[in-house]
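Asker: Have a look at this fold, sequence not included:
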């Protein structure tokens, strides 16, 4: 099918549009933007900067992607925003391009749902199959692994990493790294156990969940220091690679993890 562009939309010279792309009224597409096949851009969307969108993305009204970062160090460098396939950006979302203080790229994977008023700041690196509820916001340089859920009004401090299959509850404020498989909530966030419901929904075996629960008790409920808890964890026998993944995440954290 051919690309459908509303007559009031502004497509600047140099923009590259794939096949079967739809662009609604009063949308503005900058000169260094690439939009993949099957992507739908609704009314009043602005996509700017050196921005690449993959295939079959949906961008709802009043969303701004690829805008200048909210960083005082930014001096107009040609940094990028790179977005994969099959993502949904609901209304009034902002995604800022990267800065030269990092690798110069804000990157988003595939199959994510970002609900209204989400903010993704400069240099964030997001995985795939994420769900960000309304008003969830990431500061700069945040890394979010696959299958993470951020409930409404979650705030994540700059340079924090959020491990895969974790869940952040409503009004959560994360200042430290969130280990994978965890359920965290609060201001400031603390752990409330393993994300059991999420793991069950994604088909994790009962034995794996049981081992993660046992590892959680060792790390978070033993009363040991983190170093002692990790030593004890290493001394125990485990059959699930997810436990080793949890241990490696904590050991590699430079910011410290939520406890």
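Answerer: Perfect, I can see it now. Being a predicted model, the structure only gives us computed values, none of them experimental.
Asker: What residues sit buried inside stretch 151-164?
Answerer: Buried residues in stretch 151-164, counted by 16 or more other C-beta atoms under 10 Å: 151-157, 159-164. Just so you know, the C-beta spots here come from the backbone N, C-alpha and C atoms, and that holds for glycine as well.
Asker: What is the most widely separated pair among those?
Answerer: Across these, no pair lies farther apart than 152 and 159, at 22.9 Å, counting by C-beta to C-beta.
Asker: Let's see the pLDDT reported for residue 102.
Answerer: Per-residue pLDDT puts residue 102 at 96.
Asker: and it, how many residues sit next to it?
Answerer: Residue 102 sits with 18 neighbouring residues when counted by other C-beta atoms under 10 Å.
Asker: again, but for the one 10 residues further on
Answerer: By the other C-beta under 10 Å criterion, the neighbourhood of residue 112 contains 24 residues.
Asker: Residue 44 now?
Answerer: Neighbours around residue 44, by other C-beta under 10 Å: 19.
Asker: That one against residue 59, yeah?
Answerer: No - between residue 44 and residue 59 there is no contact under C-beta atoms under 8 Å: 10.5 Å.
Asker: Would you mind stating the distance between residue 236 and residue 207?
Answerer: 15 Å (C-beta to C-beta, to the nearest Å).
Asker: same deal with residue 3?
Answerer: From residue 3 to residue 207 the distance is 50 Å (C-beta to C-beta).
Asker: At the geometric centre of the chain, which residue sits there?
Answerer: residue 126 (3.7 Å; C-alpha atoms, centre = their mean).
Asker: For that one, give me its contacts.
Answerer: If you count contacts by C-beta atoms under 8 Å, 6 or more residues apart in numbering, residue 126 has them with 107, 108, 109, 112, 120, 143, 144.
Asker: The fifth one pairs with what?
Answerer: Read that as residue 120. In this entry, residue 120 is beta-bridged to residue 95, residue 138, by DSSP bridges.
Asker: Give the burial count for it, as a bare number.
Answerer: Neighbours of residue 120 (other C-beta under 10 Å): 25.
Asker: my guess is residue 86 meets residue 55, correct?
Answerer: Yes - using C-beta under 8 Å, residue 86 is in contact with residue 55, at 7.3 Å.
Asker: Quick one: residues contacting residue 91.
Answerer: 60, 61, 62, 63, 116, 117.
Asker: Go again with 6 Å.
Answerer: 60, 61, 62, 116 (C-beta atoms under 6 Å, 6 or more residues apart in numbering).
Asker: same question, residue 47
Answerer: Neighbours of residue 47 in contact, by C-beta under 6 Å, 6+ apart: 29, 33, 65, 66.
Asker: same thing but 7 Å
Answerer: 29, 30, 33, 65, 66 (C-beta atoms under 7 Å, 6 or more residues apart in numbering).
Asker: got it, and residue 245?
Answerer: With C-beta under 7 Å, 6+ apart, residue 245 has these contacts: residue 180.
Asker: and the helix or strand hosting it, which residues are buried?
Answerer: Per DSSP states H and E, residue 245 falls inside helix 241-252. Buried residues in helix 241-252, counting neighbours by 16+ other C-beta under 10 Å, are found at 242, 243, 245, 246, 247, 249, 250.
Asker: from the residues you listed, which is closest to residue 11?
Answerer: residue 249 (43.3 Å).
Asker: doesn't residue 180 make contact with that closest one?
Answerer: Yes - checked against C-beta atoms under 7 Å, the pair residue 249 and residue 180 is within contact range at 5.6 Å.
Asker: which residues are common contacts for those two?
Answerer: Residues within reach of residue 249 and of residue 180 at once, by C-beta under 7 Å, 6+ apart, are residue 163.
Asker: Since that was my last question, I'll sign off now.
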